[in-house]
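Enquirer: compute the structure for the input listed below.
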Amino acid sequence: MSTPTPSLSTTARQVLADIAAKVSPYSQQPVDQAFVEHVSNVYHGMEAAHYDEYESSIADAEEAWQKALHFLAQRLPQRIRVLDYGAGTGFASLQMLQSAIGPRIAELVCFDLSPAMIEMCREKMKAFPQVRFTFYADVAGREALRQEAPFHIVATNAVLHHMYDVNDFLKQLPAMVHPDGVYIAGHEPNRPFYYNAVLLKATRQFQVYKRLRRRLSPGFWLQKLGAKAVTPSFIQRTIDALLADGSLARPLPHFYVQKMIDVHVPWGLGLDQPWGQIGFSSSETATQLGEDWKAVFTASYSHIKDAEATHHWWWKHRISKLADRYPADGADALVVFGR
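Expert: Numbers count the residues shown, from 1 in each chain. From the prediction side, this is the model:
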């Protein structure tokens, strides 16, 4: 495997160095850029077929997406080209196609590093024969994007927090966006949440409630007694695969694997993280895009950082109260940036 190239930003090199310092004792290979991408691809390859139900928190972003797209309907032309970068199984593409701007989309390009994910996306897009689609995958697909003309919308959903070189991506992104176009950064960890003591306390309280509720369920005790099989998590299955292919010499702690995948999502709720930044700030992201960029629409949600909280009526009521009190501080955010 190759070592990190000099083109990586200082921040990215530091992230990779921090990962290497923690993970190298467990690895049989150099822990570098290629190693981290391999771990991510193994994980997402396993997750692809179950992504839509496994990542239930993504569904919480739907309302924010639709509000943002309704806002954009007033500023976009009648015929538009769209890039869904890091498309996954097609969540952002579907949000756009099924929104007020859907009839205006003439061409939609979907890219994801994971070939398994992009195949899932391709199947879903067959429901929209009126749109011209192009699908790119893997590193070769990422390079092919450089030949594409600018887009009226470049969209990412739950993508930035996977990147160890966010600065480099945001530096290159303006060249991909039409002068009158926008960049949508959907479903990213929102930095203000991790500094809001009230929201952190509410989240911890829900976690205690969920643990107690689980201990009262028959399934919990059946598993404890060995009468019910425990399904390995995607993290455990990833570790097993990395041991089998020779990437690891011994099992990694689960949270190291999770942090290699979700680089900038804080593990737990603390500010002391092994690597990565504490979520994202819309003003900081705008600055990274360039001095002529600004946030033109923002929505935050998940004021208790657990998707299950919305399934319990009392906690859902509490979330509503917290959202009224701290509208900009939800754990997740969608931001539209324009020039």
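Enquirer: next up, the contacts around residue 312.
Expert: Counting by CB atoms under 8 Å, 6 or more residues apart in numbering, residue 312 touches residue 209. (C-beta placed from N, C-alpha, C; glycine too.)
Enquirer: how close does it get to residue 198?
Expert: Using CB to CB, to the nearest Å, we find residue 312 at a distance of 19 Å from residue 198.
Enquirer: just give me how far stretch 11-21 sits from the chain centre.
Expert: 20 Å (CA atoms, centre = their mean, to the nearest Å).
Enquirer: buried residues, that stretch. List them.
Expert: 12-13, 15-16, 18-20 (16 or more other CB atoms under 10 Å).
Enquirer: lowest-confidence one in those?
Expert: Among those, residue 12 carries the weakest pLDDT, at 87.
Enquirer: now for this structure, the helix or strand with the poorest mean pLDDT.
Expert: Ranked by mean pLDDT, DSSP states H and E, the weakest helix or strand in the chain is helix 51-54, scoring a mean of 54.
Enquirer: next SSE after it?
Expert: Toward the C-terminus, helix 51-54 is succeeded by helix 62-72 as the next helix or strand (DSSP states H and E).
Enquirer: that next one - what's its average pLDDT?
Expert: 96.
Enquirer: any idea how far the following helix or strand past it is from the middle of the chain?
Expert: Per DSSP H and E, the first helix or strand lying C-terminal to helix 62-72 is strand 80-85. Taking CA atoms, centre = their mean, one finds the center of strand 80-85 at 17 Å from the center of the full chain.
Enquirer: in its sheet, what does strand 80-85 sit against?
Expert: Here strand 80-85 is paired, per DSSP bridges, with strand 105-112 (parallel), strand 151-157 (parallel).
Enquirer: send the alpha carbons of the first one over as PDB?
Expert: I take that to be strand 105-112. In PDB, the C-alpha atoms belonging to strand 105-112 read as follows (Å, rounded to 0.1, in the frame of the first residue of the first chain):
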ATOM      1  CA  ILE A 105     -33.900  17.200 -13.500                       C
ATOM      2  CA  ALA A 106     -32.700  16.300 -17.000                       C
ATOM      3  CA  GLU A 107     -29.500  14.500 -16.000                       C
ATOM      4  CA  LEU A 108     -28.400  12.900 -12.700                       C
ATOM      5  CA  VAL A 109     -24.900  11.500 -12.100                       C
ATOM      6  CA  CYS A 110     -24.500   9.200  -9.100                       C
ATOM      7  CA  PHE A 111     -21.100   8.300  -7.700                       C
ATOM      8  CA  ASP A 112     -20.000   6.200  -4.800                       C
END
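Enquirer: quick one: buried residues of that strand?
Expert: 105, 107-112.
Enquirer: quick one: residues contacting residue 188.
Expert: By CB under 8 Å, 6+ apart, the contact set of residue 188 is 158, 160-161, 279-280, 332-335.
Enquirer: closest to residue 62 out of those residues?
Expert: Taking CB to CB as the measure, residue 334 is the one of the contacts of residue 188 closest to residue 62, at 10.1 Å.
Enquirer: now for the closest one, how many residues are close by?
Expert: By the criterion of other CB atoms under 10 Å, residue 334 has 26 neighbours.
Enquirer: done for today, thanks.
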